[in-house]
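Asks: model the structure of this input:
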Amino acid sequence: MPELRTAIFLDFDNLVSGLRDGAGSEVALRFAQQPEIWLERLLEDRPRRALLRRCYMNPAGVLDDEAGSRFRYGEFRWAFMAAGFEVIDCPRLTRLKNAADLRIALDAFETMLGAAPCDEFMLLSTDSDFVPLLVRLRAADRRTRLVAHPEVGRIVRAAADEIIGLDVLAGWLGWQASPEPGEAFGAASPADLLAVVRDIMTEAQDPVHVPHLGQMVRNRTGQTLRGSDFAGYGSLDALLTAAGGFIRRDGPGGGHVLRPEWADQPPAA
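Replies: Here you go, the predicted structure:
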């Protein structure tokens, strides 16, 4: 079997958050402090040479462990450098968003066109925004491997050659799934997410702010709407239509979601 020339692009904030929500803060901390453990498992299934290893991180991000200790993401820089990663600072551009996904897309595309092109691109992120990049890499005859939430939507799954679930990655770090409710990994199917959105909107007395809808879905299911590729429908508008004909009205912070009978009402002041 020929040796693959591999490029690894890690959205650190995204993976740490996904592991924390799905397997607990101790597993997320082990991921951050001992990258050599999971990296070895990630590369071992066939001959590879990881020519490029890049970790995109907001150094001001915070991870709290179960004992209440607080770790700044910047404290993990040395561990990733010791594992051969180039660490690239991606501070937040807004209250909720940094530039890691855009930087990864640009750097991956540049690598694809480079003088020593890679055969395989590994993206470690649960962000469905990478679908266009995955499609473009495939069109350029590059193998793609995505480490993401195990319930990633079918559009994302179809765009990658291989998916490794965060539950598998957590298992490499010593995590074992519990039969008790509350585990985020695999807890909610697309049908479950639709039902939760339907329940939230049925219970609502007023239009629901889009970020608030996302937070309520996450609180009830352990999944994010974006991380589930909007329950596999590819967009929020498509999910809302499937859930019950709900309507998104544009506005600050992503706008509001309305029940159909509210559509003719003027926007709230």
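Asks: C-alpha from now on. contacts and neighbour counts both.
Replies: Fine.
Asks: domain parsing for this structure?
Replies: Using automatic domain parsing, the domain ranges for the chain come out as 4-172, 190-262.
Asks: let me have these in TSV, extended by mean neighbour count.
Replies: Listed next are the domains of the chain as TSV, based on neighbours: other Cα atoms under 10 Å:
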stretch	mean neighbour count
domain 4-172	18
domain 190-262	17
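Asks: lowest-confidence stretch among these?
Replies: The minimum mean pLDDT among the domains of the chain belongs to domain 190-262 (a mean of 84).
Asks: how about residue 146, secondary structure?
Replies: strand (DSSP: H, G, I helix; E, B strand; the rest coil).
Asks: surely it meets residue 128?
Replies: No - with contact defined as Cα atoms under 8 Å, residue 146 does not reach residue 128; the gap is 10.7 Å.
Asks: mind listing what residue 5 touches?
Replies: Contact partners of residue 5, counting by Cα atoms under 8 Å, 6 or more residues apart in numbering, are 48-51, 117-120.
Asks: wait, residue 155
Replies: 131, 229, 232-234.
Asks: change it to 7 Å
Replies: 232, 234 (Cα atoms under 7 Å, 6 or more residues apart in numbering).
Asks: so that it lines up with my notes, have the first residue be 428 from now on.
Replies: Done: numbering now begins at 428, and the last item shifts to residue 582.
Asks: surely it is within a helix?
Replies: Yes - applying three-state DSSP, one finds residue 582 inside a helix.
Asks: separation between it and residue 588?
Replies: Distance of residue 582 to residue 588, given as Cα to Cα, to the nearest Å: 12 Å.
Asks: residue boundaries of the helices in the stretch 578-696 of the chain?
Replies: All helices of the stretch 578-696 of the chain, identified by DSSP state H, counting those that start in this stretch, fall at 581-586, 593-599, 617-630, 637-648, 663-671.
Asks: what is the end-to-end distance of stretch 543-557?
Replies: 23 Å.
Asks: check what contacts it and list those residues.
Replies: Residues outside stretch 543-557 that contact it (Cα under 7 Å, 6+ apart): 431-438, 441-442, 538-539, 569-576, 583, 653-654, 656.
Asks: now do stretch 670-680
Replies: Stretch 670-680 is contacted from outside by 621-622, 624-625, 664, 667, 682-687, using Cα under 7 Å, 6+ apart.
Asks: return the alpha-carbon coordinates of it using PDB.
Replies: C-alpha atoms of stretch 670-680 as PDB (Å, rounded to 0.1, in the frame of the first residue of the first chain):
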ATOM      1  CA  ALA A 670     -40.600  20.600  11.200                       C
ATOM      2  CA  GLY A 671     -43.900  22.300  10.600                       C
ATOM      3  CA  GLY A 672     -43.800  25.100   8.100                       C
ATOM      4  CA  PHE A 673     -42.100  27.500  10.500                       C
ATOM      5  CA  ILE A 674     -40.700  30.700   9.100                       C
ATOM      6  CA  ARG A 675     -37.500  32.600   9.700                       C
ATOM      7  CA  ARG A 676     -37.800  36.300   9.600                       C
ATOM      8  CA  ASP A 677     -34.500  38.100   9.000                       C
ATOM      9  CA  GLY A 678     -33.200  40.500  11.700                       C
ATOM     10  CA  PRO A 679     -30.400  41.200  14.200                       C
ATOM     11  CA  GLY A 680     -28.500  38.200  15.500                       C
END
